[in-house]
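Visitor: Just need the structure, nothing else, for what follows:
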Amino acid sequence: MEEAKKKKIKEEKEHKKEREKIALWVVQNIEGPEPIKSLEISEIRRNGIGGTGGSSVSVKINNNDNNSFDLSVDGEVPMKGGAFISSNCKYEFTKKEIKSRTLKGIKIEEWKEK
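Guide: Residues are numbered from 1 along each chain as shown. Prediction:
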């Protein structure tokens with residue numbers, strides 16, 4: 001029982017670390033009409049056997065369903081241009097990564113399907 005708890009805590013820390021890496025990438029590579037105040041990020045979905053079909057993650061900006069999209073992921077980092085962004089989304093890729101942007105003041109949560 002104790003080992004199961006430790007394993008679950010370790011997995012949760014790893015998922016949080018993954019979300020933070022993806023969140024930082026989004027903040028530095030996506031921009032729109034309003035500042036990003038919150039991000040909801042799903043777990044990375046690995047498609048095919050062992051991820052051979054590619055991997056993706058869903059992201060929602062500022063708790064707005066219209067500002068949600070799926071990103072292709074290579075390792076733990078999204079691939080610029082590898083995205084399905086709906087026509088309703090007000091956010092798009094920056095022309096150049098803005099490394100000076102940080103996660104300070106941005107709420108990061110796990111995207112859980114309702």
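Visitor: Please enumerate the helices of the protein.
Guide: 2-29 (DSSP state H).
Visitor: Tell me which helix or strand in it has the weakest average pLDDT.
Guide: strand 77-85 (a mean of 67; mean pLDDT, DSSP states H and E).
Visitor: remind me which residues of this protein are low pLDDT?
Guide: 50-52, 75-77, 79-83, 113-114 (pLDDT under 70).
Visitor: repeat that with 80
Guide: 1, 46-54, 74-87, 112-114 (pLDDT under 80).
Visitor: Now do the contacts for Lys8.
Guide: By C-beta atoms under 8 Å, 6 or more residues apart in numbering, Lys8 lies in contact with nothing. For every residue, glycine as well, the C-beta is placed using N, CA and C.
Visitor: That one and Ser42: what is the separation?
Guide: 18 Å (C-beta to C-beta, to the nearest Å).
Visitor: for Val59, same thing?
Guide: The value you get for Val59 to Ser42, if C-beta to C-beta is used, is 8 Å.
Visitor: more crowded one of these two?
Guide: The neighbour count for Val59 versus Ser42, taken as other C-beta atoms under 10 Å, is higher for Val59 (24 against 18).
Visitor: was I right about the more buried one contacting Val26?
Guide: Yes. Between Val59 and Val26 a contact is recorded at 5.8 Å, counting by C-beta atoms under 8 Å.
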